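Visitor: here is a sequence with its predicted model. Questions after.
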Amino acid sequence: MINFTVGPVQMDEETRKMGMDQIPYFRTPEFSQTMKENEKLLCKFFDAPQDSRVIFMTGSGTSSMEGGIMNFFTTSDKLLVVNGGSFGHRFVELCEIHEIPFSEIKLDYGKPLTKEILSKYEKAGYTGMVLQLCETSTGVLYDMNLVGDFCQRNNCFLFVDAVSGFLADKISMKEMHINAAITGSQKALALPPSMSFTVMDTEAQKRCYANKVKSMYFNYADYLKNGERGQTPFTPAVGTLLMLNEKLKRIEAKGGIEEMNKAAAERAEYFRNRIKHLPFKLFTEEGSTSNCVTALMPTTAGVNAHKIFEIIKDEYGIWICPNGGDMADKVFRVGHIGSISKDEIDKLVQVFDDLAKRKLI
Ligand SMILES: *Cc1c(COP(=O)(O)O)cnc(C)c1O
């Protein structure tokens, strides 16, 4: 089995070995110490401003999308939500559920957010903005400098879903004026699914303390208070947090975030160069592609994208990533995060070549 999806992704040998261990009790100074290290390294890798904190949520990425909407915003806010695909659409639904007033910037799927589009929303009383770093469903990487400058100029609180983009694409909370950003365990960190992490600056923390959230499990003020002693209010996915600690330290030892970004960029470029002869078209607009994933459209008439995923899974034991919703028949994706080698990429290209020979693509 080779896994080219965007999560859960292939884990490193070091992480998999840790999966054999017993799960320790966690209300101990030793575990608190581990958590303090996790917090420090995540702040460093997000290039977070001084006195930033991290919330460790037991729940997949969506739990931290929802927790952020609930804790950072109130019904007095007016948000700008960028909807460029399934994950942007999820923020729209969350704002509706939690009754946060918002305007939706609906993009054509595969297209970036441009200066022209954003300029229509200048000086219009928005208090916050939410979007993805990488919209995983289309492979679009948003121009976060453009967004950050807009938010600074308009005094908007910026909350970024970097669940898939973190480690693959550059993110700097300081440079991009980001107040809070999230990632998840099963994306580029290549850990088992179970946890998601929110890095927040002092402004975000202030909002959590001021907000009266109608939830026990998603009360971020409680997480912040417990975090001061390196603990969480409730039992977290302890095993994943120990794996996180090992992984973050290993990233640090291997040259840090720049090296991770570089390696993802190399994998993405290698793959994109190797498939130039195949009957696929890049779904993502040129110049806005993320290193995390390549979204492709078959160009041969009658070829169905979801069918390609099924054939490769059932006949070759390789998983590429199917799309959902409106894009299911037209688009499939190949992920570049997790432990993927060039040999494995070559194997996938051989499979595509074989499908071409069999006239299936
Ligand atoms: C994967 C992903 C999420 C979270 O999805 P879960 O299934 O809840 O882990 C959120 N945002 C983006 C951009 C993602 O790629």
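Guide: Received the coordinates, thanks.
Visitor: does the residue nearest to Ser288 when sequence neighbours are not counted sit in a helix, a strand or a coil?
Guide: Nearest non-adjacent residue to Ser288, counting by CB to CB, 6 or more residues apart in numbering: Pro112, 3.9 Å away. To be clear about C-beta, it is placed using only N, CA and C from the backbone, and glycine gets the same treatment. Assigned by DSSP: H, G, I helix; E, B strand; the rest coil, the conformation of Pro112 is coil.
Visitor: mind checking how far Pro112 is from Thr299?
Guide: 22 Å (CB to CB, to the nearest Å).
Visitor: quick one, which of these two is more surrounded?
Guide: Each of Pro112 and Thr299 has its neighbours counted (other CB atoms under 10 Å); Pro112 has more, 20 against 11.
Visitor: in the stretch 51-200 of the chain, what residue comes closest to the ligand?
Guide: With CB to the nearest ligand atom, the shortest gap between the stretch 51-200 of the chain and the ligand falls at Gly61, namely 2.5 Å.
Visitor: okay, now that residue: neighbour count?
Guide: Neighbour number of Gly61 under other CB under 10 Å is 26.
Visitor: ok, Asp169 next?
Guide: Neighbours around Asp169, by other CB under 10 Å: 22.
Visitor: now Phe166, nearest residue through space, not along the chain?
Guide: Thr183 (3.9 Å).
Visitor: so what's the residue nearest to Ser288 up against?
Guide: 84, 140-143, 285, 287-288 (CB atoms under 8 Å, 6 or more residues apart in numbering).
Visitor: which one of those residues sits closest to Ile251?
Guide: Leu141 (20.5 Å; CB to CB).
Visitor: the closest residue to the closest one other than its chain neighbours: neighbour count?
Guide: Setting aside the residues directly before and after it, Leu141 is nearest to Ser290 in space (CB to CB, 6+ apart), at 3.8 Å. Residues lying near Ser290 (other CB under 10 Å) number 27.
Visitor: distance of Ser290 relative to the ligand?
Guide: Note on Ser290: its distance to the ligand, by CB to the nearest ligand atom, to the nearest Å, is 10 Å.
Visitor: is it true that Val303 touches Ala356?
Guide: No - between Val303 and Ala356 there is no contact under CB atoms under 8 Å: 10.5 Å.
Visitor: please name the residues that touch the residue nearest to Leu141.
Guide: Going by CB under 8 Å, 6+ apart, Ser290 touches 133-134, 136, 139-141, 164-165, 168-169, 268, 284.
Visitor: could you do Cys134 as well?
Guide: 140-142, 162, 164-165, 168-169, 290, 292-293.
Visitor: what's the answer for Val349, then?
Guide: 271, 274-275, 278 are the contacts of Val349 under CB under 8 Å, 6+ apart.
Visitor: turn those residues into a markdown table, columns for pLDDT, distance to Val54 and neighbour count.
Guide: A markdown table is the format used below for the contacts of Val349 (pLDDT from 0 to 100; distance: CB to CB, whole Å; neighbours: other CB atoms under 10 Å):
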| residue | pLDDT | distance to Val54 | neighbour count |
| --- | --- | --- | --- |
| Phe271 | 98 | 32 | 20 |
| Arg274 | 97 | 38 | 16 |
| Ile275 | 97 | 38 | 19 |
| Leu278 | 97 | 42 | 17 |
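Visitor: inside strands: which ones of these?
Guide: Judged by DSSP state E, strands contain none of those.
Visitor: now, which of those residues lie within helices?
Guide: Among these, DSSP state H puts 271, 274 in helices.
Visitor: pull the most distant pair out of the contacts of Val349.
Guide: Farthest pair in these, by CB to CB: Phe271 and Leu278, 11.0 Å.
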